[in-house]
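Trainee: dropping the sequence and predicted coords here.
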Amino acid sequence: MTQILATEILTLARARGLIVTTAESCTGGLVAAALTDIAGSSEIFERGLVTYSNAAKRDLLGVAQDTLDRHGAVSEQVAAEMARGALDCARADLSVAVSGIAGPGGSEHKPEGRVCFALAGKITAAVVETVEFGALGRANVRAAATEHALRLLRDALARLG
């Protein structure tokens, strides 16, 4: 399914002359990998950022320490700042950010399988959401989060008409 979504993203972004980017934490670059697995992706994707640590989120994406302190890395607020930071860093038109708890583990307040997403763009309204994938296991949470992030990108591009 990721290959189909990535191909649709390539087609839609190419038709609109748009550049997309990614800011990833728990997916560790899987969204960028899905996009760049498609021949011709260099027309719509120049760079993505894997910011696994809080320091990387601050240093590379400009996520505020105060936001991390108040909400934690797995939060819609941090995902939104990641998405905005990626837009600037990559000089892109549309970005998707992913931050979550792939597992194993988690806590009562932030369980395994919770993933926060944000979509930001110069050409679309911002979107933030949290999806509770559940304790599917690390690989399955990461795969589900990758597919969801790709759907967010595809749907945003499709809405542009």
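Mentor: Sure thing, it's come through.

Trainee: every contact and neighbour count from this point should use C-alpha atoms.
Mentor: Will do.

Trainee: helix, strand, or coil at the residue of the chain most remote from its centre?
Mentor: If you look at how far each residue of the chain sits from its centre, by CA atoms, centre = their mean, the farthest one is residue 108, at 24.1 Å. For residue 108, the secondary-structure state derived from DSSP: H, G, I helix; E, B strand; the rest coil is coil.

Trainee: what bridges to the spatially most central residue of the chain?
Mentor: Among the residues of the chain, the smallest C-alpha distance to the mean C-alpha position (CA atoms, centre = their mean) belongs to residue 97, namely 2.6 Å. Beta bridges link residue 97 to residue 23, residue 118 when assigned by DSSP bridges.

Trainee: quick one: contacts for it?
Mentor: Counting by CA atoms under 8 Å, 6 or more residues apart in numbering, residue 97 makes contact with 22-24, 79-80, 82-83, 117-119, 149.

Trainee: now do the helix or strand containing residue 6: everything it contacts.
Mentor: Mapping residue 6 onto the secondary structure by DSSP states H and E places it in helix 2-16. Taking CA under 8 Å, 6+ apart as the criterion, the residues outside helix 2-16 that touch it are 19-20, 34-35, 37-38, 40-41, 43-44, 146-147, 150-151, 153-154, 157-158.

Trainee: out of those, which are buried?
Mentor: Among these, the ones that count as buried by 16 or more other CA atoms under 10 Å are 19-20, 34-35, 41, 44, 146-147, 150-151, 153-154, 157.

Trainee: from the residues you listed, pick the one nearest residue 68.
Mentor: Sorting these by how near they are to residue 68, with CA to CA, puts residue 146 at the top with 22.7 Å.

Trainee: surely that closest one is within a strand?
Mentor: No. For residue 146, which was evaluated using three-state DSSP, the result is helix, with no strand membership.

Trainee: helix or strand: which one has the spatially closest residue to residue 65 that is not a sequence neighbour?
Mentor: Excluding the flanking residues, the one nearest residue 65 by CA to CA, 6 or more residues apart in numbering is residue 58, at 6.9 Å. Assigning secondary structure by DSSP H and E places residue 58 in helix 54-61.

Trainee: same check, this time on residue 68
Mentor: Per DSSP H and E: residue 68 is located in helix 65-71.

Trainee: and stretch 17-24, how far from the chain's centre?
Mentor: Taking the mean of its C-alpha atoms, stretch 17-24 sits 9 Å from the chain's own mean (CA atoms, centre = their mean, to the nearest Å).
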